[in-house]
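Chemist: just to be clear, the model below is a prediction. Sequence and coordinates:
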Amino acid sequence: MANDMEVDSPEKEPEKETKKKSEGQPSASEESASKYPDMDLAQKIHKLFVVKSGLVDAAEVGIPADMSSSVEKEVMGEEVENPSLYRSLQTVHGWSALSDADLTAMDSKNEKKIEELEKKVEEAKESAGDMEVLDARFEVARFAAKSLSKEKALEAYDKVLALPKLSSGKTIDALMEAARVASFYSDTKKTSELIERAKVLAEDGGDWDRRNRLKVYNALNKFLARDIKEAAHLLIDCIATFSCSELCSYKDFVCYAIMSNILHLPRTEIKEKIIDGPEILSIAKEIPVFLRLVQALYDCDYKAYLYAMTDVQPLLVADRFLQPHSGYIMRELHVLGYKQFLYSYKSVTIKSMAGSFGIGEEYLDLQLSRFIAAGRLDAKIDKYGGVVETNRPDLKNAQYRELIQNGDALLNRIQKLARVVDL
């Protein structure tokens, strides 16, 4: 007689830990999260791409010279054996270890494996219970995520989600694993869609561990969508309870938290949550460049701050989550440094400011004029006198202007809606 599928029971939310999280087996409710697709492999493939494109120097970001051959062996190796992924990378990186005949043979091997797994599903339907059917379906999906194409993997997870009497917890697991498949292949639209579906379920139910892991998925999805402020809040909130190493390493996660929060946290909170944060301090030796950037900004050592920015920039490009926004982040870091410096003065000479940042006066004048024209800095430049004058607006007046602008925008929308209704 068929058994009902798992019913998730709520777990008590654990106290936040202050020690470094293990980067071993990922945490998940009542079972281990699937290892595949391997997001560490996705990072390696991204690093190969940016080196091949000339965007970064391999030695500068610690990419070994033999990474291309090691990634090739990993993709074709017994553990992964993904001919579809191999073909997509073969031409770009000049791989030649496998011939067309070898790849065809690997396709046939994977097809036989899928047939065996599908047979297990049918046997479970005939002679076992719903839980056994679910386990067999997950086995098919996880093999597809490891060794087949993105389309076939997502199709396999759709079959898991189509099972009757599927608990909310198992549904969230399937959605998160499918989101990783989409993320592995840089399909941001599909990733966002799957995470949003999981969020709806997590709000209605789901245990603490799944909700905690889903926050990490959501945070990185927000980051990719360039909702940096919301991502920053989620990332810093998850540092003490990070248990999502199937998506990224703890070191990378901390780097994402630092780079998002430096742009939005108030100065006092930067000191408390980043510079003195116990979880961040626990891996300080692994991320010296990122911490040097934050420390220089906090200490108002602007010359060291710009030097740290130049060191951080190639690391941003070498990371698959940070690279799409590396230009934006670098621009915002410049604005942040200039804004903090100018906040201390009513007026300052361009020569003095250029000396503080260790850059040329012409370059500084060009950058300041662009940021002022874009409304990013409340200042004006007296070109004749070689002086930058700050013009910080009164807070009440700024709020009043914002209220008027929002009111005008609302009235315009109402008028447009009224015209549509009249029609």
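Modeler: That came through, no problem.
Chemist: which other residues reach the helix or strand harbouring residue 292?
Modeler: Per DSSP states H and E, residue 292 falls inside helix 288-298. Outside helix 288-298, the residues that touch it by CB atoms under 8 Å, 6 or more residues apart in numbering are 255, 258-259, 262, 267, 270-271, 274-275, 280, 284, 302, 304-305, 307-309, 311-312, 315, 333, 336-337, 340. Heads up, the C-betas are built off the backbone N, CA and C, glycines and all.
Chemist: and stretch 361-368, by the same measure?
Modeler: 334, 338, 350-351, 353-354, 357, 377, 379, 381, 383, 386, 388.
Chemist: with stretch 99-114 instead?
Modeler: Contacts of stretch 99-114 (CB under 8 Å, 6+ apart): 76, 81, 83, 86-87, 98, 140, 143-144, 147-148.
Chemist: how about 10 Å then?
Modeler: 76, 81-84, 86-87, 90, 98, 140, 143-144, 146-148, 152, 156 (CB atoms under 10 Å, 6 or more residues apart in numbering).
Chemist: least confident pick among the contacts of stretch 361-368?
Modeler: Lowest pLDDT of the contacts of stretch 361-368: residue 383, 85.
Chemist: excluding chain neighbours, what is closest to that one?
Modeler: Among residues not flanking residue 383 along the chain, residue 365 sits closest, at 7.9 Å (CB to CB, 6 or more residues apart in numbering).
Chemist: how near is that neighbour to residue 358?
Modeler: 15 Å (CB to CB, to the nearest Å).
Chemist: those two: which has the busier surroundings?
Modeler: residue 365 (17 against 12; other CB atoms under 10 Å).
Chemist: and the one helix or strand residue 305 maps to, what does it pack against?
Modeler: Assigned by DSSP H and E, residue 305 belongs to helix 302-317. The contact analysis (3 or more CB pairs under 10 Å, 6 or more residues apart in numbering; DSSP states H and E) places helix 302-317 against helix 39-52, helix 250-261, helix 288-298, helix 326-343, helix 350-357.
Chemist: how far off centre is the third one?
Modeler: When you say that, I think you mean helix 288-298. Distance of helix 288-298 from the chain centroid (CA atoms, centre = their mean, to the nearest Å) equals 21 Å.
Chemist: can you list the low-confidence ranges for the chain?
Modeler: 1-32, 206, 393-396, 398, 422-423 (pLDDT under 70).
Chemist: so the most centrally placed residue in it is in which element?
Modeler: Of all residues in the chain, the one closest to the mean position by CA atoms, centre = their mean is residue 220, 3.1 Å from it. Residue 220 belongs to helix 208-224 when assigned by DSSP H and E.
Chemist: using CSV, write out every CA atom in that helix.
Modeler: Extracted in CSV, the C-alpha atoms of helix 208-224 (Å, rounded to 0.1, in the frame of the first residue of the first chain):
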residue,chain,number,x,y,z
TRP,A,208,14.2,26.7,9.3
ASP,A,209,17.1,25.0,7.5
ARG,A,210,15.5,25.2,4.1
ARG,A,211,14.4,28.8,4.6
ASN,A,212,17.9,29.7,5.7
ARG,A,213,19.5,28.1,2.7
LEU,A,214,16.9,29.7,0.4
LYS,A,215,17.9,33.1,1.7
VAL,A,216,21.3,32.5,0.3
TYR,A,217,19.9,31.5,-3.1
ASN,A,218,17.7,34.6,-3.0
ALA,A,219,20.6,36.9,-2.0
LEU,A,220,22.8,35.8,-4.8
ASN,A,221,19.9,36.0,-7.2
LYS,A,222,19.3,39.6,-6.1
PHE,A,223,23.0,40.3,-6.6
LEU,A,224,22.9,39.1,-10.1
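Chemist: so for it, what gets flagged as buried?
Modeler: Within helix 208-224, the residues that count as buried by 16 or more other CB atoms under 10 Å are 209-224.
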